[in-house]
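Enquirer: Here you go, sequence then predicted model.
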Amino acid sequence: MSAPLELALVTDSRAFEALQHEWRLLAESAREPHMFRSFSWCWNAWRIVAEPRGYALRLLTGRVAGVLVLVWPMMEKDHVLRMVSAEILEYRDLLVRESPLSERWIDEAWQFVQGRVRADLMMFQNLRMPNFVAARIAARRGAHAIGGGWCPVIRLDRFEDWDAYARTLPKSLSNDQRRQWKRVRLVLPDLEFQVVDNAAEIAPTLEWITRHKIAWAKKCGRIVWHESDAVTRLLVQVAHDHLAMNRLVLAKLAADGTVVSAGFGYVYAGEFHFHVFAYDDAYATYSPSRLFLESIVRWCIEHGVHRFDFMPGDEPYKRIWATDYVRTASYIAPGTLKGAACLALSEFVTLVARKTPHVARPVDRLAALTPRGIRSAVRRMLARASFVKELALVKHALELRRAPEDAPEDPVRAATAGTG
């Protein structure tokens, strides 16, 4: 008979940090490991982003005969339980040792969370499917699927080399790539793909990416998470950690100090997670991001990466390069009777708003006629009320566009359009 699973809830940051060595050993023997379940990512997301924003730590550990076999990093704020994250488009999940008992351990962990963590709502997002946690929360009474999507990936293990993969791309794209390489090298003859292997270059390169990504977003009228100083510090710290572990791929297309495009991601267990890239708008006419993307895919093929993951996000350029999709799912579910009431009320309000939009118009007009000082005072009062916060969060969650159950059709490769 196997030893029982001993579960414990960690609520102190120092106890979280003390798990570093055991966590890394567990990651080496875990079921489908990826970098967003690494100690470096979770610890830095917690201490740099989540804790300063007022979250409370709810990290569940599971041990068998004293050996760590399960880690479920969670956090709570305003009576809502979430996975520990930087609140950007990263995958989220628990970490469990590969074993015939893995599912049983997850079941026990799930029962423990339901009995001991008394949050009104549980909101678990960006769970990469198939997923044990997703299956359990989806089965919970009152659970709702929210958001989710299909993440494009390139199955590089199906191709012997770059040429074999390139033959699957639209001819128009391949022809335009060659044309753009010729054009840009007339201006920058020494342009080359450079991988950063010096820790001193990490912060300046990430600063360049962030600055140009923000400039691009403002030009397009979009909001990006790169504008958060905390997230920038998180990315720099994680990049340093993963450079030391030979998992960081921070690279740029550059010549004589002139950077045309740059981006980064992480190689973990044979997968490359492409996090973000940017380009200098001064060179936009040469499609620098597409040239960078070709270069980094070539690098992955040469270094034996079997899957190139574009991460969550539905940008059209990803579908052009992808060969397959990975599904993500997100769920919100009640944890208490109050949470169930909150969900039911939000559903009712959302339904009424959809069915009777004319009801909302007089209310909007009345609000517009109310003096600004009174409106501000009411907003501040409501912002302090936890139930109102929960209602607003649920309303937002229920309005998120859900992913279709079936995978998208074959990647759209008829056009050469991409980013930059």
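Expert: Everything's here; your move.

Enquirer: and Arg158, how far is that from His306?
Expert: 9 Å (C-beta to C-beta, to the nearest Å). Every residue, glycine included, has its C-beta placed from N, CA and C.

Enquirer: My error: substitute Ala262 in the last question.
Expert: 24 Å.

Enquirer: now swap in Val267 and tell me
Expert: 10 Å.

Enquirer: which one of those two has more residues nearby?
Expert: Val267 (20 against 15; other C-beta atoms under 10 Å).

Enquirer: Within its sheet, name the partner strands of the host helix or strand of the more buried one and how each one runs.
Expert: For Val267, the host element (DSSP states H and E) is strand 258-268. Under the criterion DSSP bridges, strand 258-268 sits next to strand 248-255 (antiparallel), strand 271-279 (antiparallel) in its sheet.

Enquirer: possible to save these as TSV with mean neighbour count and mean pLDDT?
Expert: Formatted as TSV, the strands paired with strand 258-268 follow (neighbours: other C-beta atoms under 10 Å; pLDDT from 0 to 100):
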stretch	mean neighbour count	mean pLDDT
strand 248-255	22	97
strand 271-279	23	94
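
Enquirer: For Ser38, find the nearest of the ones you listed.
Expert: Closest of the strands paired with strand 258-268 to Ser38 is strand 271-279, at 10.8 Å (criterion: C-beta to C-beta).

Enquirer: Can you give the contact residues for that closest one?
Expert: 34-36, 208-210, 212-213, 216, 226, 235, 249, 260-266, 288-289, 292-293, 296, 300, 305-311, 419-420 (C-beta atoms under 8 Å, 6 or more residues apart in numbering).

Enquirer: C-alpha coordinates for stretch 104-122, PDB please?
Expert: Only the C-alpha atoms of stretch 104-122 are listed here, as PDB (Å, rounded to 0.1, in the frame of the first residue of the first chain):
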ATOM      1  CA  ARG A 104      -5.500  10.400  -7.400                       C
ATOM      2  CA  TRP A 105      -3.200  13.100  -5.900                       C
ATOM      3  CA  ILE A 106      -4.900  15.800  -8.000                       C
ATOM      4  CA  ASP A 107      -8.300  14.600  -6.800                       C
ATOM      5  CA  GLU A 108      -7.200  14.800  -3.200                       C
ATOM      6  CA  ALA A 109      -5.700  18.200  -3.800                       C
ATOM      7  CA  TRP A 110      -9.000  19.400  -5.400                       C
ATOM      8  CA  GLN A 111     -11.000  18.100  -2.400                       C
ATOM      9  CA  PHE A 112      -8.600  19.800  -0.100                       C
ATOM     10  CA  VAL A 113      -9.000  23.200  -1.900                       C
ATOM     11  CA  GLN A 114     -12.800  22.900  -1.900                       C
ATOM     12  CA  GLY A 115     -12.800  22.200   1.900                       C
ATOM     13  CA  ARG A 116     -10.100  24.500   3.200                       C
ATOM     14  CA  VAL A 117      -9.800  27.500   0.900                       C
ATOM     15  CA  ARG A 118     -13.100  29.400   1.400                       C
ATOM     16  CA  ALA A 119     -13.000  31.800  -1.500                       C
ATOM     17  CA  ASP A 120     -16.300  32.900  -2.900                       C
ATOM     18  CA  LEU A 121     -15.200  32.300  -6.400                       C
ATOM     19  CA  MET A 122     -12.600  30.300  -8.200                       C
END
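
Enquirer: pLDDT of that stretch, averaged?
Expert: The average pLDDT for stretch 104-122 rounds to 93.

Enquirer: Can you list the neighbours in contact with that stretch?
Expert: 5, 7, 9, 58, 60, 62, 69-70, 72, 74, 76, 79-82, 94, 96-97, 99, 132-133, 136-137, 140, 331-336, 338-339, 342-343, 390, 393-394.

Enquirer: Burial check on the closest residue to Leu59 other than its chain neighbours, number of neighbours?
Expert: Using C-beta to C-beta, 6 or more residues apart in numbering and skipping the chain neighbours, the partner closest in space to Leu59 is Val10 (4.1 Å). Neighbourhood size, Val10 [other C-beta under 10 Å]: 18.

Enquirer: Repeat that for Gly147.
Expert: 18.

Enquirer: pLDDT wise, what is it at?
Expert: 80.

Enquirer: which stretch of helix or strand covers the closest residue to it other than its chain neighbours?
Expert: Computed as C-beta to C-beta, 6+ apart, the closest residue to Gly147 that is not its neighbour in sequence is Leu400, at 3.8 Å. Using DSSP H and E, Leu400 maps to neither a helix nor a strand.

Enquirer: picking that back up, of all the strands paired with strand 258-268, which one comes closest to Met123?
Expert: Using C-beta to C-beta, the strands paired with strand 258-268 put strand 271-279 closest to Met123, at 22.7 Å.

Enquirer: quick revisit: specify the stretch among the strands paired with strand 258-268 that is closest to Arg222.
Expert: strand 271-279 (12.8 Å).

Enquirer: next SSE after the closest one?
Expert: Following strand 271-279 in sequence, per DSSP H and E, is helix 288-302.

Enquirer: now for the helix or strand just after that following helix, which elements pack on it?
Expert: Next helix or strand after helix 288-302 toward the C-terminus (DSSP H and E): strand 307-309. Here strand 307-309 touches strand 149-154, strand 271-279, going by 3 or more C-beta pairs under 8 Å, 6 or more residues apart in numbering; DSSP states H and E.

Enquirer: Include distance to Tyr325 when you put these into JSON lines, please.
Expert: Formatted as JSON lines, those follow (distance: least, C-beta to C-beta, whole Å):
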{"stretch": "strand 149-154", "distance to Tyr325": "4"}
{"stretch": "strand 271-279", "distance to Tyr325": "15"}
